[in-house]
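**Student:** coords please:
(2 chains, ligands or ions: 1)
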Amino acid sequence: MAEKKEEFIKVKANWNIPFTHSAGKCASHFFQEMREKKRILGIRCPKCQRVMLPPRSFCERCFVATTDWVPVKDEGVVESVSINYMEYTGMPKPPYAIAFIRLDGSDSNLMHFVGGVDLSDWKKAKDLVKIGTRVKAVWKEEREGRMTDIMYFKPVSAK
Amino acid sequence: MRRVAIIGVGQTKFRTRRDDATHEELTFEGVSRTLEDAGLSISQIDSFIYGTMDPFDGVNSPDKWCVGGAGAVGKPFIKISTGGTTGLTAGIAAYHQVASGAFDISMAVCTQRVGVGDDAQSILNTCVCPIYERDAGAGAISIGAHQASRHMFKYGSTDYQRALISVDAHKNALNNPNAHIQVDVNPEDVLNSRMIEWPLRLLECCPRSDGACAVIFASEEAAKKLCPHPAWVWGEASILDSYWWGERPDLADWDVLSLAGRRLFKMAGISNPLKEIDVAELYAPFTSQILLELEALGFCGHGEAGPLIEKGVFKMDGEMAVTPSGGVLCTNPIGATGLVRLTEAVLQVTGKAGQHQVPGAEVALAHAWGGTMQLHALMIVGKHKR
Ligand SMILES: [Zn+2]
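**Tutor:** Residues are numbered from 1 along each chain as shown, chains lettered A, B, ... in the order given. Just a heads-up that it's a prediction; the model follows:
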């Protein structure tokens, strides 16, 4: 006689809690410039002189407040890249390429998408969004003051 | 600081889901195994450090739930949560409690249930800054993928070399009864497995695991009375980097790990890590991280790890065995994983690792990283006092 398989009860639960984060003074200015002027601003540390992007109200290396806004170009170079093919709850639809981009005039890397090229087959995509690829921001028409006001950075060589 | 011994270790078997137990029951199971190993009763533990990474378990601060299962009611208790580093940070904190003289016997306990949530990457994405970076859709896999792509670009490491790392880990896990994933794979299996996040394939990424682990630290005096053959702590180090990925000079080099490694080796009196260390239990949920970690810790030069892996230097019978347990690639109960690394290091130097014992191992290193490739914790244990 087959033994009855032990049953373990499962209890379902769910977290779906909206949050409203404060962007603060510094990021608010940065987002307003993106929204209204399609302009990307870095911020300079008065001590080590590096231009930080994304801008923060202090330099954590020197532990001093930052004050000088510095326009950087919406064009730069891919420093590292990955291409995601998996779908995760509440996250962007794959495929998408995540890159760290050194925009001209900045001393740190911005995390954003590289797009505007066909990413569906990784064997081809890996040669389209390589490290060293020059990319330029593709802006949304309707902007809300958020990182996604830039849809993605597109390789400048792509048609 | 007092000399500290590790007099008991224990872990549950790890698997995707443990539907036969609740969170606190899993903790009870892990702690019971450790007490059994040490031959101690719970009343002999003076203080508790509890590690878990919120909120994988779907309960905010599951440490509150677990105190009964840890045997900690009525005792001093501190909760630690440093992402993937959690388990080893908990170990370091318990070590400090004893080394400082505050307590004679302290237990680090970690429980994590990554399997209860439908989607670990979505939870990991909530670690990313909601203002600037979260919209870019990065999870923990993105960290390993960027390190891989950058390492390939800078040093010429290859998909094949990373596939060998996966093969070695899976073969080692077959000899570890507690390991979660137990399948034999060859390099072609790895290279042909599904692309998850280029350049990382499925067999280059860790599973989600449920389980618990506990480790007992004791003063030299207490150890003398309680344990004939303990493991001795030779040194520890921990370090924190910036939250911001974009602040890292180069993702191919784990600079803060190098810094922490130098502090560790100085404290432990190690001058040639590859020669003097027999086993390294490295925290690498993604194959690429073995390359960066071996290089950052000075087991070889930058860019040399890949070719040395091809030569078999880090296999079970190589010059230094890397993750004889099968490592994080085969078992990852995230907030407990760092303590599992220490447990495995202790098993090796006390000769209790069974089927995955490295013959004659006397010195072992345990490592964990966490956060946005941000934190590291390290400990070296030895068969003899130092
Ligand atoms: Zn500065």
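**Student:** nearest to the ion: which residue in the stretch 151-300 of chain B?
**Tutor:** Proximity of the stretch 151-300 of chain B to the ion (Cβ to the ion) peaks at B:Glu247, 10.9 Å away. All C-beta spots, glycine's among them, are computed from the backbone N, C-alpha and C.
**Student:** quick check, pLDDT for that residue.
**Tutor:** At B:Glu247, the model reports a pLDDT of 90.
**Student:** contact partners of the lengthiest helix in chain A?
**Tutor:** Criterion DSSP state H: the longest helix present in chain A is helix A:24-37. For helix A:24-37, contacts defined as Cβ atoms under 8 Å, 6 or more residues apart in numbering or on different chains pick out A:23, A:39-41, A:43, A:54-57, A:66, A:69, A:143-146, A:149-150, B:131-132.
**Student:** apply 6 Å and report the result again.
**Tutor:** Outside helix A:24-37, the residues that touch it by Cβ atoms under 6 Å, 6 or more residues apart in numbering or on different chains are A:39, A:41, A:55, A:57, A:143, A:145, A:149, B:131.
**Student:** ok, stretch B:216-223 next?
**Tutor:** Under Cβ under 6 Å, 6+ apart, the answer for stretch B:216-223 is B:2-8, B:38, B:94-95, B:98, B:104-107, B:230.
**Student:** and those, which are buried?
**Tutor:** Buried by 16 or more other Cβ atoms under 10 Å in any protein chain shown: B:4-8, B:38, B:94-95, B:98, B:104-107, B:230, out of the contacts of stretch B:216-223.
**Student:** and the next element down the chain from the strand of greatest length in chain A?
**Tutor:** Ordering each strand of chain A by length in residues (DSSP state E) puts strand A:75-84 first. Downstream of strand A:75-84, the next assigned helix or strand under DSSP states H and E is strand A:96-103.
**Student:** so the most centrally placed residue in chain A bridges to which residues?
**Tutor:** Residue closest to the mean C-alpha point of chain A, counted by Cα atoms, centre = their mean, is A:His112 at 2.8 Å. In this entry, A:His112 is beta-bridged to A:Ala99, by DSSP bridges.
**Student:** return the per-residue confidence for it.
**Tutor:** Listed pLDDT for A:His112 reads 97.
**Student:** how much space separates it from B:Gly246?
**Tutor:** 10 Å (Cβ to Cβ, to the nearest Å).
**Student:** might one say that B:Asp278 is in contact with B:Pro359?
**Tutor:** No - here B:Asp278 does not reach B:Pro359: they are 9.3 Å apart, not a contact under Cβ atoms under 6 Å.
**Student:** how about the helices in the stretch 201-350 of chain B?
**Tutor:** Assigned by DSSP state H, counting those that start in this stretch, the helices in the stretch 201-350 of chain B fall at B:220-226, B:255-268, B:273-276, B:287-296, B:305-310, B:327-330, B:334-349.
**Student:** residues in contact with the third one?
**Tutor:** Under the criterion Cβ under 6 Å, 6+ apart, residues B:270, B:298-299, B:320 lie in contact with helix B:273-276.
**Student:** same check on the longest one?
**Tutor:** With contact meaning Cβ under 6 Å, 6+ apart, helix B:334-349 is reached by B:6, B:9, B:11, B:51-53, B:84-88, B:91, B:108, B:110, B:112, B:114, B:213, B:215, B:231, B:279, B:281, B:283, B:325, B:328, B:353, B:358, B:361-362, B:364, B:366, B:368, B:379, B:381-383.
**Student:** any idea how far it is from the middle of the chain?
**Tutor:** Using Cα atoms, centre = their mean, to the nearest Å, the distance from the centre of helix B:334-349 to the centre of the chain it belongs to is 6 Å.
**Student:** residue closest to the middle of chain B?
**Tutor:** For chain B, by Cα atoms, centre = their mean, the most central residue is B:Gly338; offset 2.9 Å.
**Student:** how many neighbours does the residue lying closest to B:Glu362 once chain neighbours are set aside have?
**Tutor:** Once flanking residues are discounted, B:Glu362 sits nearest to B:Lys383: 4.3 Å by Cβ to Cβ, 6 or more residues apart in numbering or on different chains. Neighbour count for B:Lys383, taken as other Cβ atoms under 10 Å in any protein chain shown: 18.
**Student:** repeat for B:Arg386
**Tutor:** 15.
**Student:** identify the residue nearest it in space, chain neighbours excluded?
**Tutor:** B:Arg386's closest residue in space is B:Trp234 (Cβ to Cβ, 6+ apart), at 4.6 Å.
**Student:** state the number of residues packed around the residue lying closest to B:Gln161 once chain neighbours are set aside.
**Tutor:** Nearest non-adjacent residue to B:Gln161, counting by Cβ to Cβ, 6+ apart: B:Gly306, 3.8 Å away. The number of residues packed near B:Gly306 is 23, by other Cβ under 10 Å.
**Student:** over to the one 4 residues further on?
**Tutor:** Counted with other Cβ under 10 Å, residues neighbouring B:Glu310 total 12.
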